[in-house]
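>>> Provided below for reference: sequence and predicted model.
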Amino acid sequence: MGILALGHVGRRTFVFWKYSWIAFFIFNSDILRCYSVNIPRKPVDSLYDVSDIGKLGLSIFDNTTLKEAIYSSDQAWFVQFYSSWCGHCVNFAPTWKIFANDVKGWWRVARIAVLNCADPYNTKICSEYVDVGFPSLRLFKAFQQNGTGDLCKAPRDVSHLRQALIDHISKHSPQNTPSNWPMLSPVKVKWLLNFFWRNPRTKMKFIAVVFEDSESYTGRELILDMSNLKNILVVRVLQQELSRNPLPSEWKVGELPSLFILRQNGKPSKLWRMGNRESFFKALQAYIKQTLPASGTKETLNGQEQERNVMNGPDDNLRKTPHHEVDKNIEQFVNHTSRRAVARLVVYMEDLESTLIYSLRYEVALQKLIKADAMSALQAYIAVLNKYFPGRPCVMSTLNKLQKLLQPHVYLSNDGWSSILNQLHNFQNPDCFFKNDVTWVGCKGSAAIYRGYPCGLWVLFHTLTVSHASQDSYRGT
């Protein structure tokens, strides 16, 4: 049972085993996982901070605030469960921030949030909602009472995330749609032409109409962008409806998508043709400024001031490529360290033991239920550690005890796993490793989000490889 190769690419660690069942538990062979969870520290470093709450309209949840906010809410929620040690999460954070800012004006309908599973305080709740690795994106409907939401599998760019959110909002049934939400479903031509006649006392000054095909998101994007404005109604009419029920000739819709204004006197005018969200927003924004006074009032929601009757449209940052900061120390290390110098690097036992502590105490605990392949992988992982880990006597006796406690089990809940760890705590010597805090020496990064646990895994697997080879050499095999 040998390790074929081990490499480090960027901030990600890839492990290729001859028998992949050992690596399965930490790096799923079917899905590229990033279970690089943060090490316990006070405070736990995050990829998002308090300034993002006001600036981006982002909510930052923890173990006690998540369920309170998302269940029975009159808003839909889009939540990212992430780990601040996860390289994928670090790379994705700028995109998620741009996305949150881009849809900030939709706050009456949908909110964006994050929860850091690297914080040990959040381990239990993350085990309930995360089962495919980090970052994990989940969508929750308005008035949802329980459940883990819908897993979002959309490509990780702003445009596709926005479309996924719109699709999710559009799936709400009429009885589960909050009364203060705008109408996203398309309207009929008859409804449009008769609106002001049927509603003579309406406060709506005009109707903005987007004509588009059924695959377009432009109309719904504009409706949500304008959802904070009073006295203005934005609707969409589909091409199929125009084919069945043509508009009067004065409309002259022509190319799609097109943006029209229907005034209270029943006369239409074209604002823009063959446009997109951004061009339609700017055209409508200019028209509103010419015809309506801006109020720009604010109201408070969940302790945060939110703009009301103010237009929040496409973010100019969408034109920019998300910027990822490069750790200068790592960059210098890569550029200036020779292979000979790398070979002289010291492996610290503290790094190895910290990796063991974290993998057992937190990563395994993230699994809601350990069974089948995952259980086989966990048992094999412990067996390999027992055989090849060059640990202190108290460490090896603890691993041996763990292997015996785990062996009879076919499956385990995370509560069952915690029970086994509690037995180990009682079994250990007071000064043995499992009661210690996690501390990095050789794997300490220039910033808390670098190196650490991913580095520890890399070093651990290399150490096991060397130990395996040394034992074979000693036996003459």
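That came through, no problem. Values in this document were obtained by computation on a predicted structure and should not be read as measured data.

>>> show me where pLDDT drops low in this protein?
For the chain, the stretches with pLDDT under 70 are 1-44, 293-346, 430-431, 433-436, 472-477.

>>> how about the strands in the stretch 151-300 of the chain?
For the stretch 151-300 of the chain, strands defined by DSSP state E, counting those that start in this stretch occupy the ranges 206-212, 232-238, 258-263, 268-273, 298-301.

>>> Let me know which of these is tucked in deepest.
Mean neighbour count (mean count of other CB atoms under 10 Å) peaks for strand 206-212 among the strands of the stretch 151-300 of the chain, with a mean of 24. From N, CA and C alone the C-beta is placed, and that goes for glycine too.

>>> Partner strands of that strand and their direction?
If you go by DSSP bridges, strand 206-212 pairs up with strand 232-238 (parallel), strand 258-263 (antiparallel).

>>> hang on, Ile112 in a strand?
Yes: in this structure, Ile112 lies within a strand as judged by DSSP: H, G, I helix; E, B strand; the rest coil.

>>> I'd like the distance between the nearest residue to it once chain neighbours are set aside and Thr218.
If the residues on either side of it in the chain are set aside, Ile112 comes closest to Ala100, at 4.2 Å by CB to CB, 6 or more residues apart in numbering. For Ala100, the distance to Thr218 equals 21 Å [CB to CB, to the nearest Å].

>>> Gln80 belongs to a helix, doesn't it?
No: per three-state DSSP, Gln80 lies outside any helix segment and is strand.

>>> contacting residues for the residue lying closest to it once chain neighbours are set aside?
Counting by CB to CB, 6+ apart, Val114 is the residue found nearest to Gln80 once chain neighbours are left out, at 4.8 Å. By CB atoms under 8 Å, 6 or more residues apart in numbering, Val114 lies in contact with 47-48, 58-61, 79-82, 96.

>>> Ok, Ala154 next?
137, 160-161, 163-164.

>>> Near the closest residue to it other than its chain neighbours, how many other residues are there?
Sequence neighbours aside, Ala164 is the residue nearest to Ala154 in space, at 4.0 Å (criterion: CB to CB, 6+ apart). Look at Ala164: counted by other CB atoms under 10 Å, it has 18 neighbours.

>>> Likewise for Lys401?
Using other CB under 10 Å: Lys401 sits among 15 other residues.

>>> Make sure it is actually in contact with Phe427.
Yes: between Lys401 and Phe427 a contact is recorded at 5.4 Å, counting by CB atoms under 8 Å.

>>> And the longest helix seen in the chain, what does it pack against?
Selection of the longest helix in the chain by residue count, based on DSSP state H, yields helix 453-475. With contacts defined as 3 or more CB pairs under 8 Å, 6 or more residues apart in numbering; DSSP states H and E, the secondary structure elements packing on helix 453-475 are strand 3-9, strand 12-17, helix 349-358, helix 372-388.

>>> That one to helix 372-388, inter-axis angle?
Helix 453-475 runs at 60 degrees relative to helix 372-388, counting by axes from the mean of the first three to the mean of the last three CA atoms, to 10 degrees.

>>> My guess is the residue nearest to Ala154 contacts Cys152. True?
Yes: counting by CB under 8 Å, Ala164 touches Cys152, with 5.2 Å between them.

>>> tell me, what's touching the two both at once?
Common neighbours of Ala164 and Cys152 (CB under 8 Å, 6+ apart) are Leu139.

>>> Please tell me how far the most centrally placed residue in the chain sits from Val109.
By CA atoms, centre = their mean, the mean C-alpha position of the chain lies nearest to Gln80, the distance being 2.7 Å. From Gln80 across to Val109, the span is 18 Å (CB to CB).
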